[in-house]
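> Here is a sequence with its predicted model. Questions after.
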Amino acid sequence: MWALFLLRIFFIFIFAVTGFSLGGENPFLWALIGAGIGVAIVLVEALGRKVSLKGLSSAVFGILLGLFLSAIFGLALDQFPMPEDVSPEIIDNIKLFVTFVFVYLGLTLGIKGRDEFNVIIPYIKFKRGELREEEIIVDTSSIIDGRILDIVKTAFIEARFIVPRFVLNEMHALADSTDHMKRQKGKRAIEILHELKKQQSIEVEVVDEEVVVVKTVDEKIIKLAEKYNAKILTTDYNLNRLAQLQGVKVLNINDLANALKPSLIAGSKISLKLIKEGKERNQAVGYLEDGTMVVVEGGKNLIGKTVEVEVSSVLQNPSGRIIFTKL
């Protein structure tokens, strides 16, 4: 980001120096004018960063179509004999006026019809479109979770991943934490983010936009998603519910995992290592390989051992699922 900022400053400086060298008797005035022009160009570039390749390509095609039609009109106009009282300047003005009309019509036609825009050349078909149609804002929980990397590697998602600067700062704060667990989570998140940037099927971009109207990270992510008209990728249950209440689309990795899990129904038998005591009396708790919690009735005295259990019921919700079993 600093490199881009310095490049913009250098660009404005070049315009100011150019204005100064061409200023003649008023070099400082022209230097100021040059710097102003440079600032205007930089502002246009900064404000135009949200222009999609889809819209840009269709707009360029519309302009080229307008210029082509105006050229044909000019050639046709030259073939007709003109009255002697019509000067060449009038004809040139007519051509210029018609050129503006055709360019305007071509530009508006290209923008309005961008969803059907195709340019076909023999043996080659150029279809305008963005490199990534979809924009997804990722939060810290989805990166720490790590499963998104496996999903991206399968090429099921092709999108532009937006990582807000405040999310990146949150990961760095975790990595620098004195708490061992938090520090491990932060380091894991940073490593996964580096791996995501290496993937060919997605584009990862860190944006520096700060949302000052709200304070919490969850609310900032939602506001940013509304601004970009993007989806949110998360494993956070509270963020999921809050975003849905505000009409923002959410991709919850837990929902995807639940949808892909093989169904365990009452009566199914599984082998399980009991890890710790449960909340209720005489219960023990174990975990499946995917992290699903399994509560075993009557298993307290077998903690540390691998036992065979039978599924009694399954409790499933957006934050995960719990399997209740008996020996």
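Good, I have the coordinates.
> what's the closest non-adjacent residue to the spatially most central residue of the chain?
Most central in the chain under C-alpha atoms, centre = their mean is Glu135, positioned 3.0 Å from the mean C-alpha point. Spatial nearest neighbour of Glu135, excluding adjacent residues (C-beta to C-beta, 6 or more residues apart in numbering): Ala230 at 3.9 Å. Where C-beta positions appear, they are placed from N, C-alpha and C, glycine not excepted.
> Now do the same contact list for that neighbour.
Shown in contact with Ala230 (C-beta atoms under 8 Å, 6 or more residues apart in numbering): Glu134, Glu135, Ile136, Ile137, Ile162, Leu224.
> Which ones among those residues lie within helices?
Of these, the ones assigned to helices by DSSP state H are Leu224.
> Compare the contacts of Ala230 and tell me which is most surrounded.
Counting neighbours by other C-beta atoms under 10 Å, Ile137 leads those with 27 neighbours.
> Just confirm that residue contacts Lys227, I think it does.
No: the pair Ile137 / Lys227 is not scored as a contact, 9.7 Å apart, by C-beta atoms under 8 Å.
> other SSEs contacting the host helix or strand of Glu310?
In this structure, Glu310 is located in strand 306-317 according to DSSP states H and E. For strand 306-317, the elements it packs on are strand 269-277, strand 293-297, strand 320-326, judged by 3 or more C-beta pairs under 8 Å, 6 or more residues apart in numbering; DSSP states H and E.
> what's the most buried one of those?
strand 293-297 (a mean of 21; mean count of other C-beta atoms under 10 Å).
> Alpha carbons only: can I get it in CSV?
Extracted C-alpha coordinates of strand 293-297, given in CSV (Å, rounded to 0.1, in the frame of the first residue of the first chain):
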residue,chain,number,x,y,z
MET,A,293,-18.5,-33.8,19.9
VAL,A,294,-19.9,-37.2,21.0
VAL,A,295,-21.5,-37.6,24.4
VAL,A,296,-21.5,-41.1,25.8
GLU,A,297,-23.9,-42.0,28.6
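> what's it packed up against?
Against strand 293-297 (3+ C-beta pairs under 8 Å, 6+ apart) you get strand 269-277, strand 283-287, strand 306-317, strand 320-326.
> same thing but 7 Å
Helices and strands touching strand 293-297, as assessed by 3 or more C-beta pairs under 7 Å, 6 or more residues apart in numbering; DSSP states H and E, comprise strand 283-287, strand 320-326.
> what's the average pLDDT for the first one?
In this case it means strand 283-287. Average pLDDT, strand 283-287: 89.
> and if you look at the longest one?
Throughout strand 320-326, pLDDT has a mean value of 84.
> now stretch 243-258
Computed over stretch 243-258, the average pLDDT equals 87.
> Check stretch 203-222 too.
For stretch 203-222, the per-residue pLDDT averages 84.
> Going by neighbour count, list what's buried in that stretch.
Using 16 or more other C-beta atoms under 10 Å as the test for burial, stretch 203-222 gives Glu203, Val204, Val207, Val211, Val217, Asp218, Glu219, Lys220, Ile221, Ile222.
> Can you tell me which of those end up in strands?
Residues of the buried residues of stretch 203-222 located in strands (DSSP state E): Glu203, Val204, Val207.
> For the second one, which residues count as its bridge partners?
Partner residues in beta bridges with Val204: Phe161, with DSSP bridges as the criterion.
> so it makes contact with Phe161?
Yes: with contact defined as C-beta atoms under 7 Å, Val204 reaches Phe161; the gap is 4.6 Å.
> Pull up the overlap in contacts between those two.
Leu196 (C-beta atoms under 7 Å, 6 or more residues apart in numbering).
> Which strand or helix spans Glu84?
Counting by DSSP H and E, Glu84 is part of no helix or strand.
> Which pLDDT value belongs to it?
Here the pLDDT value assigned to Glu84 is 71.
> And for it, the neighbour number?
If you count neighbours by other C-beta under 10 Å, Glu84 ends up with 6.
> and it, backbone torsions?
phi -70, psi -30 (degrees, to the nearest 10).
> how much does the helix or strand hosting Asn238 deviate in direction from strand 306-317?
Here Asn238 sits within helix 237-245, counting by DSSP H and E. For helix 237-245 against strand 306-317, the angle by axes from the mean of the first three to the mean of the last three C-alpha atoms, to 10 degrees is 30 degrees.
> what's helix 237-245 packed up against?
When contacts are defined as 3+ C-beta pairs under 7 Å, 6+ apart, helix 237-245 sits against helix 217-228, strand 231-234, strand 250-252.
> how much distance is there from that helix to the middle of the chain?
19 Å (C-alpha atoms, centre = their mean, to the nearest Å).
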